[in-house]
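Colleague: A structural model of the following input is requested.
(4 chains)
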Number of protein chains: 2
Amino acid sequence: MPLGTDYAKQDCSLARALEIVGERWTMLILRDCFLGVRRFSDFQVHLDISRAVLATRLDALVADGLLRRTGSGHPEYELTDDGLALWPAMFALLQWGDQRTSPGAPRRLYRHVECGDLGVDGHCTTCGVAPEPSDIEARPGPGADPTVRDDPVSLALRRPHRLLEPVSVR
Amino acid sequence: MPLGTDYAKQDCSLARALEIVGERWTMLILRDCFLGVRRFSDFQVHLDISRAVLATRLDALVADGLLRRTGSGHPEYELTDDGLALWPAMFALLQWGDQRTSPGAPRRLYRHVECGDLGVDGHCTTCGVAPEPSDIEARPGPGADPTVRDDPVSLALRRPHRLLEPVSVR
DNA sequence: CCATTTGGTCTGATGATCGAACTGCAGCAC
DNA sequence: GTGCTGCAGTTCGATCATCAGACCAAATGG
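Modeller: Numbers count the residues shown, from 1 in each chain, chains lettered A, B, ... in the order given. Here you go, the predicted structure:
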């Protein structure tokens, strides 16, 4: 295992988790997957990441079973069940970042479809359940800054849409 | 900002969060803080981390307000409120790692003191609340492997104890 | 079939991490 | 106080990861 991913001598589940999702860019790639990004060039444009690193990370995520490569021609990358299971952790981190850097004005809002908004703990404030990603709609919040990015993927992601639903750029 | 921490052109709370806790070792240092580790050499022995990186990380965590340096002589590092607020995200990641790499046999068990065990969502399975770290007791679980580490900090941490309570090695 | 886009790989430069050696305090025994 | 034993870092050269940009082959569009 290369330098960025090896916590071999730790008997800890957090270390095991970080060996996969603890590398630079990996969490942001997975966030994009939840938001509906699926193709190599869309990740690349949206993340401003070097192609070499993106290719390495996607391969690693497929090898570790978090992503699945689909499509007959140009590949698409799609979350597996193991990848989807990361949602609670990702949402918790996201909320923490929001509260620290943009208190009171979240950059993105998450809503239990046909029901109510999600609270900081990922549960619906109306019905109380913690919805699956596929039952969550994302839309820009009051803290969003539309001037930061203007690539086509960012523009497409600013329209309210369900998580996991492929975003159409072309 | 150095290489490992710069996601400047992302208007996303996850990116903001990862600029702080997304660097190699940082999450493991914070995990140790929750478990009660407080001193430089204890982190170093427990994590097998280079002193240079440990010093850099601790400084960054203090500068970002997640840790506080206390003590008149040899410094101790202690979580601030901002650092404590990371607990739900850390617990969620930990659970994900446990389920993937050690299903059915968690490496560590967490218990709402005087009440019941914590479920995967961090809520007490008996009373239903999501306890503060200071009301949680950690102890080794069936998936723990005591042969992996035998440094004094690991030994001390194998005794059941409350989170945040300073672990006594000396 | 040809042109363009897509999905990569390769390369040299730069930055981060490593282990080991070194320094300068803190706390203790005397 | 003086000396001693750790503790908390800093410094160093070597190694490894990441970067931007050039290159290339396969897939798609016309």
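Colleague: quick one: the helices in chain A?
Modeller: A:13-21, A:26-35, A:40-47, A:51-63, A:81-84, A:87-101, A:152-157 (DSSP state H).
Colleague: and those as JSON lines, adding distance to residue B:106?
Modeller: Quick note: C-beta positions are derived from backbone N, CA and C, even for glycine. What follows is the helices of chain A, written out as JSON lines (distance: least, Cβ to Cβ, whole Å):
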{"stretch": "helix A:13-21", "distance to residue B:106": "7"}
{"stretch": "helix A:26-35", "distance to residue B:106": "23"}
{"stretch": "helix A:40-47", "distance to residue B:106": "33"}
{"stretch": "helix A:51-63", "distance to residue B:106": "24"}
{"stretch": "helix A:81-84", "distance to residue B:106": "17"}
{"stretch": "helix A:87-101", "distance to residue B:106": "16"}
{"stretch": "helix A:152-157", "distance to residue B:106": "36"}
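Colleague: so which of those gets nearest DNA strand D?
Modeller: Nearest of the helices of chain A to DNA strand D, taken as Cβ to the nearest atom of the strand: helix A:51-63 at 3.9 Å.
Colleague: now check the closest one, is it near DNA strand D?
Modeller: Yes - using Cβ under 7 Å from any atom of the strand, helix A:51-63 reaches DNA strand D at A:51-53, A:56.
Colleague: Selection in PyMOL covering whichever of those residues are buried, please.
Modeller: Applying 16 or more other Cβ atoms under 10 Å in any protein chain shown to the residues of helix A:51-63 next to DNA strand D, the buried members can be selected in PyMOL as follows:
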select buried, chain A and resi 53
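Colleague: quick one, which of the helices of chain A is nearest to residue B:123?
Modeller: helix A:87-101 (11.8 Å; Cβ to Cβ).
Colleague: Looking at the closest one now, give me its mean pLDDT.
Modeller: Rounded to a whole number, the mean pLDDT of helix A:87-101 is 96.
Colleague: now swap in stretch A:104-121 and tell me
Modeller: Along stretch A:104-121, the predicted local confidence has a mean pLDDT of 95.
Colleague: Put the alpha carbons of that stretch into CSV.
Modeller: Presented in CSV, the C-alpha positions along stretch A:104-121 are these (Å, rounded to 0.1, in the frame of the first residue of the first chain):
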residue,chain,number,x,y,z
GLY,A,104,-27.0,29.5,9.9
ALA,A,105,-26.6,29.5,6.1
PRO,A,106,-26.0,26.0,4.7
ARG,A,107,-24.5,25.8,1.3
ARG,A,108,-26.8,23.0,0.2
LEU,A,109,-30.2,21.9,1.6
TYR,A,110,-31.3,18.3,1.8
ARG,A,111,-35.0,17.3,1.8
HIS,A,112,-36.8,14.1,2.4
VAL,A,113,-38.8,14.0,-0.9
GLU,A,114,-42.5,14.8,-0.4
CYS,A,115,-42.0,15.2,3.3
GLY,A,116,-39.6,17.6,5.0
ASP,A,117,-36.1,19.0,5.4
LEU,A,118,-33.3,16.9,7.0
GLY,A,119,-31.9,18.0,10.4
VAL,A,120,-28.3,17.9,11.3
ASP,A,121,-28.5,14.3,12.3
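Colleague: Distance check, residue A:50 against DNA strand D.
Modeller: In this structure, residue A:50 and DNA strand D are separated by 4 Å, where distance is defined by Cβ to the nearest atom of the strand, to the nearest Å.
Colleague: residues near residue A:121, how many?
Modeller: Counted by other Cβ atoms under 10 Å in any protein chain shown, the residues lying close to residue A:121 total 16.
Colleague: can you pull the contacts of it?
Modeller: Remark: with contacts taken as Cβ atoms under 8 Å, 6 or more residues apart in numbering or on different chains, residue A:121 is in contact with A:92, A:130, B:88, B:130.
Colleague: Looking at chain A, which residue is nearest DNA strand D?
Modeller: residue A:73 (1.6 Å).
Colleague: can you give me phi and psi for that residue?
Modeller: Summarising the backbone geometry of residue A:73 under the convention degrees, to the nearest 10, its torsions are phi -90, psi -110.
Colleague: Quick check, pLDDT for it.
Modeller: 87.
Colleague: And for it, the neighbour number?
Modeller: Close neighbours of residue A:73, defined as other Cβ under 10 Å, add up to 5.
Colleague: Spatially, what comes nearest to the residue most central in space within chain A if we skip its sequence neighbours?
Modeller: Nearest to the geometric centre of chain A sits residue A:31, at 1.0 Å (Cα atoms, centre = their mean). Sequence neighbours aside, residue B:14 is the residue nearest to residue A:31 in space, at 5.3 Å (criterion: Cβ to Cβ, 6 or more residues apart in numbering or on different chains).
Colleague: In contact with that neighbour, which residues?
Modeller: With contacts taken as Cβ under 8 Å, 6+ apart, residue B:14 has the following neighbours: A:27-28, A:31, A:90, A:93-94, A:97.
Colleague: Just the buried residues from the residues you listed, in PyMOL please.
Modeller: A single PyMOL command suffices to select whichever of those are buried according to 16+ other Cβ under 10 Å:
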select buried, chain A and resi 27+28+31+90+93+94+97
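Colleague: of all the contacts of residue B:14, which comes closest to residue A:120?
Modeller: Proximity to residue A:120 was ranked across the contacts of residue B:14 by Cβ to Cβ; first place goes to residue A:94, at 9.8 Å.
Colleague: Could I get the contacting residues of the closest one?
Modeller: Applying Cβ under 8 Å, 6+ apart, the residues near residue A:94 are A:31, A:108, B:13-14, B:17.
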